[in-house]
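1. could you look at this predicted model? Sequence included:
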Amino acid sequence: MGIIYGPVPSRRLGMSLGIDPIPRLICTFDCVYCQLGKKRFKVRGPEEVKEPFPTPDEIADEVKTALQKYEHIDYITFSGSGEPTLNPKLGEAVEKIRSFTQIPIALITNSSLLTRPDVFDAAASCDLVLPTLDAGDRDTFVRINRPALGFEIDEIADAIGKLARVVPIWLEVMLLESEKYGSNVTQEAIARIIEKIGMIRPHEVNLNTCVRPPEEPVNPISEEKLDEIRVRMEAALPGTPIVVVPKRTKSQSKLLREEEISAEILRILAVRPCTTTDLTDSLGINPAEVGKYLARLAESGKIERRVHKGRLYYAVSKD
């Protein structure tokens, strides 16, 4: 697919130019709520990845090209189709991007590799880090995040806390319920998460739930439940902003040439399923035009339709 995707309208970062710095679908976790489904490879570190990583020069060149095409970008964001910190030269890539732009750089990470000094330093070189912490105890961690062998939630939380002393941290907590995998919103589970947040002392906590369609049998929690948890956390963590992530953020970004639209749609859908409205906001073209391209891509078998909670999403076909 390519290293760069978007800009896409992020619910937290405005218009975000995404960077996928790893071979597709490789991660240290296999989270039950992942919108991309089960990972192709689950690894403990970059040494287990057999495919080549994009180099810092390749990443920087694609970012530089993208910045020449788009009018407005709020963040350049390392994220993508797996765990971005698996790229062993992430810090070098950040440094090269900084040499030609003042746009802030964000890192979205599942936090697993922050215990490694090189990954910690790379994360600390970003302007903002959005680490995930979905559990405060080992049982919930194993059930919800399904980590590769060797990862411990206490060690990960400790690393996030150390990182919060040197760079702004927006800690994401994904909350869900599932008959198959259980829940991380029980009274005890939330109490354990609050304990970890109190130790980490992030600059902000973002409460989220599965808005986009996961492939596993998990369910989002209600807005009322999210608000109940927010109130509980605010009482237990005075001084720490607790924010419920909004369902979507509107913004605009125009492609320079019409022939780029199909390729851009595929790049965006390779990272996350989207509705027609999501793509309209990202591409800056009207819904009818987006629908035309989606129909062509679906007819060619490149994308597939999914219905989740009564809403139609599009995703890249697995075949």
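-> Cool, got the structure.

2. mind listing what's buried in the helix or strand harbouring residue 144?
-> Per DSSP states H and E: residue 144 is located in helix 138-145. For helix 138-145, a neighbour-count test (16 or more other CB atoms under 10 Å) marks 140, 141, 143, 144, 145 as buried. (C-beta placed from N, C-alpha, C; glycine too.)

3. and which of these is nearest to residue 223?
-> Nearest to residue 223 among the buried residues of helix 138-145 is residue 144, at 20.6 Å by CB to CB.

4. if we can go back for a sec, which helices and strands sit right next to the helix holding residue 144?
-> Applying 3 or more CB pairs under 8 Å, 6 or more residues apart in numbering; DSSP states H and E, we find helix 138-145 packed against helix 153-163.

5. who touches the helix or strand following the helix it packs on?
-> Where DSSP H and E defines the elements, the next helix or strand beyond helix 153-163 is strand 170-177. Applying CB atoms under 8 Å, 6 or more residues apart in numbering, the external contacts of strand 170-177 come out as 12, 31-33, 128-134, 144, 160, 183-185, 193, 197, 200, 202-210, 218-221, 225-226, 229, 245.

6. list the buried residues of strand 170-177.
-> Here strand 170-177 shows 170, 171, 172, 173, 174, 175, 176, 177 as buried, counting by 16+ other CB under 10 Å.

7. okay, the second one and residue 307: tell me how far apart.
-> The reference is to residue 171. Using CB to CB, to the nearest Å, residue 171 is found at 32 Å from residue 307.

8. kindly report the same for the fifth one.
-> As for residue 174, its distance to residue 307 is 22 Å (criterion: CB to CB).

9. which of the contacts of strand 170-177 fall within strands?
-> 128, 129, 130, 131, 204, 205, 206, 207, 208, 209, 219, 220 (DSSP state E).

10. weed out the non-buried ones from the residues you listed.
-> Buried by 16+ other CB under 10 Å: 128, 129, 130, 131, 204, 205, 206, 207, 208, 209, 220, out of the ones in strands among the contacts of strand 170-177.

11. return the member of those nearest to residue 154.
-> The closest of these, once distances to residue 154 are taken by CB to CB, is residue 131, at 14.8 Å.

12. need the per-residue pLDDT for that closest one.
-> Per-residue pLDDT puts residue 131 at 98.

13. ok, now the one 10 residues further on?
-> Per-residue confidence at residue 141 stands at 98 (pLDDT).

14. ok, residue 5 next?
-> Per the predicted model, pLDDT is 86 at residue 5.

15. sec struct for it, please.
-> Per DSSP: H, G, I helix; E, B strand; the rest coil, the local secondary structure of residue 5 is strand.

16. go through the host helix or strand of residue 279 and flag the buried ones.
-> In the assignment (DSSP H and E), residue 279 maps to helix 276-283. Of all the residues in helix 276-283, those buried under the rule 16+ other CB under 10 Å are 276, 278, 279, 280, 281, 282, 283.

17. stretch 69-84 now?
-> The neighbour-count check on stretch 69-84 (16+ other CB under 10 Å) flags 70, 73-84 as buried.

18. among those, which one sits closest to residue 270?
-> Among the buried residues of stretch 69-84, and counting by CB to CB, the member closest to residue 270 is residue 81, at 6.4 Å.

19. relative to residue 120, which of the buried ones among the ones in strands among the contacts of strand 170-177 is nearest.
-> Closest to residue 120, out of all of those and judged by CB to CB, is residue 129, at 10.3 Å.
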